[in-house]
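Trainee: Starting from these lines, generate the structure:
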Amino acid sequence: MEDFDSMTASEMFARRDATENEISDLIGQLVFNYSRFVTGLQLCVAWHNEGKDLDSYPSIAEDLAAADLLKRIEKQALAKLRDTSTGFKKYKSWLHRAHQVRETRNIVMHSRWGIEPYGRHAIAISTPVFVEPAKEIIFTADQLRQLCQTCEKLSVELNKLREEHPL
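Mentor: Numbering: from 1, shown residues only. The predicted structure is shown next:
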């Protein structure tokens, strides 16, 4: 355990700055990983029905946020697979985890950020300024790293699901 009482002010600031740099790098990685994840969602929705409806996708694509894409995938899975089928259950489990990642990503991207004074973690404040009580969510570098990895894993899993149980 670290002795924070013995840290000098310059050590504390240096550690806080290093943590801020690490957290900001990981948030940048999340932007790219999540972007690839959403691209996979778009491809899944667009290529529905073996691509037979591909021509109609561009007219609706701009209005589809990640939550909308996930809802469409669920709707497509339900229409193509029976709700009691193994394939649908796999999609449903995947969709639950995908929604969790989407919600966490939204917190990350729409919060105000600070670094804990001793540089142990970052704090995302998801409530507007002057709203009390402030909702603070602690993120460690490891949690953000894991979020990036989860985006990658979900993308790979979606591709596998689409091969095993095409929509």
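
Trainee: Strands of this structure, residue ranges please.
Mentor: For the chain, strands defined by DSSP state E occupy the ranges 112-115, 122-125, 136-139.

Trainee: Distance to G51 and mean neighbour count added to those, as CSV?
Mentor: For every residue, glycine as well, the C-beta is placed using N, CA and C. Listed next are the strands of the chain as CSV, based on distance: least, Cβ to Cβ, whole Å; neighbours: other Cβ atoms under 10 Å:
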stretch, distance to G51, mean neighbour count
strand 112-115, 41, 15
strand 122-125, 40, 19
strand 136-139, 39, 14
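
Trainee: Of all those, which one comes closest to N21?
Mentor: Among those, strand 112-115 comes nearest to N21, with 9.8 Å by Cβ to Cβ.

Trainee: In TSV, list the strands of the chain along with mean pLDDT and distance to A9.
Mentor: What follows is the strands of the chain, written out as TSV (pLDDT from 0 to 100; distance: least, Cβ to Cβ, whole Å):
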stretch	mean pLDDT	distance to A9
strand 112-115	94	15
strand 122-125	96	20
strand 136-139	96	23
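
Trainee: From the contact counts, what lies against the lowest-mean-pLDDT helix or strand in the chain?
Mentor: Least confident helix or strand, the chain: helix 57-61 with a mean of 82, by mean pLDDT, DSSP states H and E. With contacts taken as 3 or more Cβ pairs under 8 Å, 6 or more residues apart in numbering; DSSP states H and E, helix 57-61 sits against helix 9-46.
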